[in-house]
Structure formats: C-alpha cells, structure tokens
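Colleague: here is a sequence with its predicted model. Questions after.
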Amino acid sequence: MKKILIVVVLIIIAGIAGWIIISRQPEKNTIRTECFEEKFADGSVIQAKFSFDNNSASGTLDYLWAQKDNSTGTFSGTIKNNIIFGNYHFFSEEVWSDSQVAFLYDGQSLVQGYGELTTDGTGFVNPDSLTFDQKNKLVKTACPLAL
C-alpha cells in the first residue's frame, strides 16, 4: 500500500512540475505592432507602423513631405542583424511603385539606410554597404487608435 501511495505522489509531483515548465515557456509567435515617427522643422513627417513577427516586419510607411509629393504605402520585409530589409509598395504622383528600403532597428527607433541604387532605382546595388544616418531617426511613438 505504501508503494502505491509513493507512486501516486510521484506522479502528481511530476505532473505539477511539467505544468510549471510548460506554463513558463515564452510564446514563440507573438506579433507586436510598433509605430515610429520623425518630424522635420518644415512640417514634413515620416511615419511607420510595423507589425513584427519573429524575423519579419510588415505594415505601412508614409513620407508626408511639406515641399514635395507625398508617398504612402505598405512595407514587407525581413530582419537580420537588427537591419530590416524590405519592399516598399507606394503611391506617389498618381502612380504605384516599388522600392527596396532598409532600416536599422534598435527596439526604440528606425534609422533609414542609404546607398547606391540600381539603374531603375528600385533596389540597392550593395545592401551590405549601406549608410545609416543617426541624425534622422524615426522614434517610437504611441500607435494611433483605430477608428
């Protein structure tokens, strides 16, 4: 009888320990949305709203220029070594276009990458040699509430 009681107690302890271990595992596919903004003295604004899921980012990206045509569109890309590379599908001057963009991401800001573009202007010639201008940062802001 004592052996059966000991076995039952051990099974209960093992079950509780297993439940504790499983319940403390971090969620692997948690999607989080973050918003970023940069405001310029002339009234221009760059805004990004990205959803992050593991090693990918997607969302909206808007360049609202005070003295030039605006471009608004969607972004979809991947994250590697804190750099987000992706495609920006945007509307500007009554035309839809695509362009490769890159951002250095540190969890609190996005810094756009610049480099030599292909002849058609849609991608980087050498994505490994981009320059990230730390003076121009899109800083994390509260995301606007949906209407």
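Modeller: Yep, that arrived. Residues are numbered from 1 along each chain as shown.
Colleague: confirm residue 128 sits in a strand?
Modeller: No - counting by DSSP: H, G, I helix; E, B strand; the rest coil, residue 128 falls outside a strand, being helix.
Colleague: just give me the neighbour total for it.
Modeller: Residues near residue 128, counting by other CB atoms under 10 Å, number 7. (Each C-beta comes from the backbone N, C-alpha and C, glycine too.)
Colleague: and the one 3 residues further on, by the same measure?
Modeller: The local packing of residue 131 (other CB under 10 Å) involves 10 other residues.
Colleague: residue 45 now?
Modeller: 15.
Colleague: and if you look at residue 136?
Modeller: For residue 136, using other CB under 10 Å, the count is 13.
Colleague: in terms of helices and strands, where is the nearest residue to it once chain neighbours are set aside?
Modeller: Distances taken as CB to CB, 6 or more residues apart in numbering put residue 38 closest to residue 136, at 6.3 Å, once the chain neighbours are dropped. Assessed by DSSP states H and E, residue 38 sits inside strand 32-39.
Colleague: so what does that strand touch, helix or strand wise?
Modeller: strand 45-53, strand 131-141 (3 or more CB pairs under 8 Å, 6 or more residues apart in numbering; DSSP states H and E).
Colleague: in its sheet, what does that strand sit against?
Modeller: Strand 32-39 has the following sheet partners, assigned by DSSP bridges: strand 45-53 (antiparallel), strand 131-141 (antiparallel).
Colleague: how about the helices in the chain?
Modeller: In the chain, the segments counted as helices under DSSP state H are 2-23.
Colleague: can you list the low-confidence ranges for it?
Modeller: 1-29, 146-147 (pLDDT under 70).
Colleague: ok, now with 80
Modeller: Counting by pLDDT under 80, the chain has low-confidence residues at 1-29, 145-147.
Colleague: hang on, the earlier thing: deepest of the strands paired with strand 32-39, which one?
Modeller: A comparison of the strands paired with strand 32-39 by mean neighbour count, using mean count of other CB atoms under 10 Å, puts strand 45-53 on top with a mean of 18.
Colleague: what lies in contact with it?
Modeller: Contact with strand 45-53 is made by 29-39, 57-64, 75, 79, 84, 103, 110, 138, 143, as judged by CB atoms under 8 Å, 6 or more residues apart in numbering.
Colleague: got a PyMOL select line for the buried ones in these?
Modeller: In PyMOL, a selection of the buried entries from the contacts of strand 45-53 looks like this (16 or more other CB atoms under 10 Å):
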select buried, resi 34+35+36+37+38+57+58+59+60+61+63+75+79+84+103+110+138
